[in-house]
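*Asks:* attaching a predicted model along with its sequence, questions to come.
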Amino acid sequence: MAKFKGNPAKMQQGEMAGTAKRLIKSLFHYYKWELIVVMIALLFSAVGSTAGSVFIGSITDECITPAVQRIAQGMAVSESLDLMWPTLIKYLIAMVTIYAICIFATFAYTRIMANVTQGYLKNIRGEMFSHMESLPIKYFDTHARGDVMSYYTNDVDAIRQLLSQSIPQIITSVITLTAFIVIMLYYSIWLTLVIFVGVIAMFALTGSVSGKSAKYFVKQQKSIAKTEGIVEEMMNGQRVIKVFCHEQKAYEKFKEANDELCDDGTKANTYANILMPMMGNLGWIIYVIVACVGAVLVMSGANNVSLQGYGEPLTVGIIISFLIISRLFTMNVSQTAQQVNSIIMGISGAYRIFKLIDEESEYDEGYVTLVNAKYDENNNIVESEERTGMWAWKHPHQADGTITYHKLTGKIDLFDVDFGYNEEKIVLHDVTINAKPGQKIAFVGATGAGKTTITNLINRFYDIADGKIRYDDININKIKKPDLRRSLGIVLQDTNLFTGTVKDNIRYGKLDATDEEIIEAAKIANAHDFITRLPQGYDTVLTADGANLSQGQRQLISIARAAVADAPVMILDEATSSIDTRTEALVQKGTDALMKGRTVFVIAHRLSTVQNADVIIVLDQGRIIESGTHKELIEKKGKYYQLYTGAFELE
Ligand SMILES: Nc1ncnc2c1ncn2[C@@H]1O[C@H](COP(=O)(O)OP(=O)(O)OP(=O)(O)O)[C@@H](O)[C@H]1O
Ligand SMILES: [Mg+2]
């Protein structure tokens, strides 16, 4: 499918057409039969609504006019009416039948269309969400949250409007207008021409007004996204705003966006709102002209020209039909014109949504997977169904179709790794690290030195620019990303908790963990005590990122979450930075037990927590400047020594 580039606000006509085509195609993909039924129902409903105008003309010419003429010729009124009744009743029954079908068809298509619209929106939201989860971290680094949120709200709503109202309206109008044109030409070519001239004027008007308003409607959608983004940011940063007394400033920023939204909305709606009355008036003008031209034609007794040929003079009945048709015709045209904005908004919403869906997923070229393993009687590693505590890399060989198993030991090597989040700035230079199985590797260094970045590369949040990373001597690019990440128990620098109970949040680390395992993990993380003191213990519901907990408590829960995952390699990024020193010592005792036999990467600002590491790596501006044990580094009297003694002086 075609991919779109550029700014959605400046969509080209080709892109509009492409998006519309794609939208219709995907709609038919999901709901082919429903849409066919809807089209048929729309056809009935539209044709039904044209029938009335024809009946009025026929009743006038075949019932009322002859009856009046008979009375004028001296027939008794009751006798003349008696002669009229059979024809009239025939027409009335036909009319009632047609209208009944029309009502039923309208009911049917609105019902089906409601299902189609809601179902389609559900699918598209689902597709967006699941695709969003497959996107690389980079996407979230480079897109404002408010924008992405508005895809799910405004843009989806614009599509709803398009599907539930605009498209049925347009289809009905096309059918009705075509039917009217045929009927009109059948009755009188001259009067049809009069209506045509009027409608051309209406189209010209719509084009000029809608062109202006559509631009502002599209801008309005963007402004809504921006306003929502600001509200979201304010909610997240409420504490910072209060601390710096920036309420007024925050309000001003919001006001600016709010004013812009108001401005765009006003302009869009001003143009859109003048369209309807202008159309209405033009419609009445056409009505009057048809009446005048019709009257002149009837009175002059000139022969009529129609699809039936050059024939009988025009009748009053035909003029009445024409007047009704001209009203319905112009009303239909103006209703369609009203949809222009919704159509443009719907399509530009779809454009943004498709753009997200087209966004390239995180690429996973890996084929080596992680499995539970055990030794068989011949001491060979074999795959095991249940958790054995032993893991192996399952390595399929394409050449001969064999599979080999390779025990996971937790050896991680980085060779001359260079990396930058973007091309302009390299963040890591020539980083070489050799973590042997079971070693505790600590990273220390100033803020921004690149500690977190190294761990982001090990779990492949980002891919390296140059160099190699090997995990148990396997190039990590060959390992499937979910398997790689499953093998790493990670406590991220930013703790993130989800809405749910404490238990659910810990269980996030291992979805099938039993309650006992959860409590065990909480004990390791030293979180058990405070959790049991919470009002509902493990069943206490955490709200909005754990707002009802202290920062340190949140960290303890995220440590417990990593502990329950029981992964062979651990990465702890500043896991204990917000915990008091006494609790930290306790947590450390727990995590030491957890770390036993595992390779662990620890990042800590407090050097006291890393003293017992097997290797301490000192980073400075993305380069490793020293490495060794605590003792070695102290003896070296280099940067670490300075940091260490400096830190102690500070304390
Ligand atoms: N998502 C990102 N996009 C662009 N640059 C980034 C991104 N994340 C980090 N950086 C840059 O990379 C460099 C290293 O950041 P990193 O997060 O690795 O530092 P750190 O050593 O973990 O610092 P801290 O101790 O403060 O956590 C910094 O200069 C930062 O500006
Ligand atoms: Mg960091």
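*Replies:* Received, thanks. Ligands and ions are numbered 1, 2, ... in the order given.
*Asks:* next, the contact list for the residue of the stretch 401-550 of the chain found nearest ligand 2, please.
*Replies:* The minimum distance from the stretch 401-550 of the chain to ligand 2, using CB to the ion, falls at T452 (3.0 Å). Bear in mind the C-beta positions are built from the backbone N, C-alpha and C, glycine included. T452 makes contacts with Q493, D573, I603, as judged by CB atoms under 8 Å, 6 or more residues apart in numbering.
*Asks:* ligand 1: which of these is nearest?
*Replies:* Distance to ligand 1 across the contacts of T452 (CB to the nearest ligand atom) is lowest for Q493, with 5.7 Å.
*Asks:* thinking again about what came up before, for W393, state which of the contacts of T452 is nearest.
*Replies:* D573 (24.7 Å; CB to CB).
*Asks:* so what pLDDT did that closest one get?
*Replies:* D573 is assigned a predicted lDDT (pLDDT) of 86.
*Asks:* just the buried residues out of the contacts of T452, in PyMOL syntax.
*Replies:* PyMOL command restricting the contacts of T452 to the buried ones, with burial defined by 16 or more other CB atoms under 10 Å:
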select buried, resi 573+603
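*Asks:* out of the contacts of T452, which are inside strands?
*Replies:* Counting by DSSP state E, the part of the contacts of T452 found in strands is D573, I603.
*Asks:* let me have the contacts of T452 in JSON lines, extended by distance to L121.
*Replies:* Shown next, in JSON lines, are the contacts of T452 (distance: CB to CB, whole Å):
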{"residue": "Q493", "distance to L121": "37"}
{"residue": "D573", "distance to L121": "39"}
{"residue": "I603", "distance to L121": "43"}
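*Asks:* ok, and which of the contacts of T452 reach ligand 1?
*Replies:* By CB under 6 Å from any ligand atom, the members of the contacts of T452 lying near ligand 1 are Q493.
*Asks:* put the alpha carbons of stretch 293-305 into CSV.
*Replies:* The C-alpha coordinates for stretch 293-305 follow below in CSV (Å, rounded to 0.1, in the frame of the first residue of the first chain):
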residue,chain,number,x,y,z
VAL,A,293,-40.9,29.7,-16.8
GLY,A,294,-43.4,26.9,-16.2
ALA,A,295,-46.3,29.3,-16.0
VAL,A,296,-45.2,31.1,-19.3
LEU,A,297,-44.9,27.7,-21.0
VAL,A,298,-48.3,26.5,-19.9
MET,A,299,-50.0,29.7,-20.7
SER,A,300,-48.4,30.0,-24.2
GLY,A,301,-49.6,26.5,-24.9
ALA,A,302,-46.3,25.8,-26.6
ASN,A,303,-45.6,22.2,-27.3
ASN,A,304,-43.4,20.4,-24.8
VAL,A,305,-40.0,19.0,-25.5
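*Asks:* neighbouring contacts of that stretch?
*Replies:* Contacts of stretch 293-305 (CB under 8 Å, 6+ apart): 187-191, 194, 310-316, 318-319, 322-323.
*Asks:* wasn't A442 part of a strand?
*Replies:* Yes - going by DSSP: H, G, I helix; E, B strand; the rest coil, the assignment for A442 places it inside a strand.
*Asks:* who touches it in this structure?
*Replies:* A442 touches F601, V602, I603, A604, V610, A613, V615, I616, I617, counting by CB under 8 Å, 6+ apart.
*Asks:* equivalent analysis for A250, please.
*Replies:* Contacts of A250 (CB under 8 Å, 6+ apart): M234, I241.
*Asks:* so which helix or strand takes in it?
*Replies:* helix 247-300 (DSSP states H and E).
*Asks:* so E386: helix, strand or coil?
*Replies:* Looking at E386 with three-state DSSP, the answer is coil.
*Asks:* how close does it sit to ligand 2?
*Replies:* Separation of E386 from ligand 2 (CB to the ion, to the nearest Å): 37 Å.
*Asks:* got the phi/psi numbers for that residue?
*Replies:* Backbone torsions for E386, taken as degrees, to the nearest 10, come to phi -90, psi 170.
*Asks:* so what's the residue count around it?
*Replies:* 6 (other CB atoms under 10 Å).
*Asks:* ok, now which ones touch the closest residue to it other than its chain neighbours?
*Replies:* Counting by CB to CB, 6 or more residues apart in numbering, E386 lies nearest to N372, which is 6.6 Å off, once chain neighbours are set aside. By CB under 8 Å, 6+ apart, the residues touching N372 are E383, S384, E385, E386, R387, T388, M390, W391, A392.
*Asks:* can you read off the pLDDT for N372?
*Replies:* 89.
*Asks:* what's the offset of the helix ranked longest in the chain from the middle of its chain?
*Replies:* For the chain, the longest helix by residue count, based on DSSP state H, is helix 77-134. Centroid separation for helix 77-134 versus its chain: 32 Å, with CA atoms, centre = their mean, to the nearest Å.
*Asks:* run through the neighbouring helices and strands of that helix.
*Replies:* helix 13-59, helix 65-72, helix 156-161, helix 167-187, helix 316-358 (3 or more CB pairs under 8 Å, 6 or more residues apart in numbering; DSSP states H and E).
*Asks:* fine by me, thanks again.
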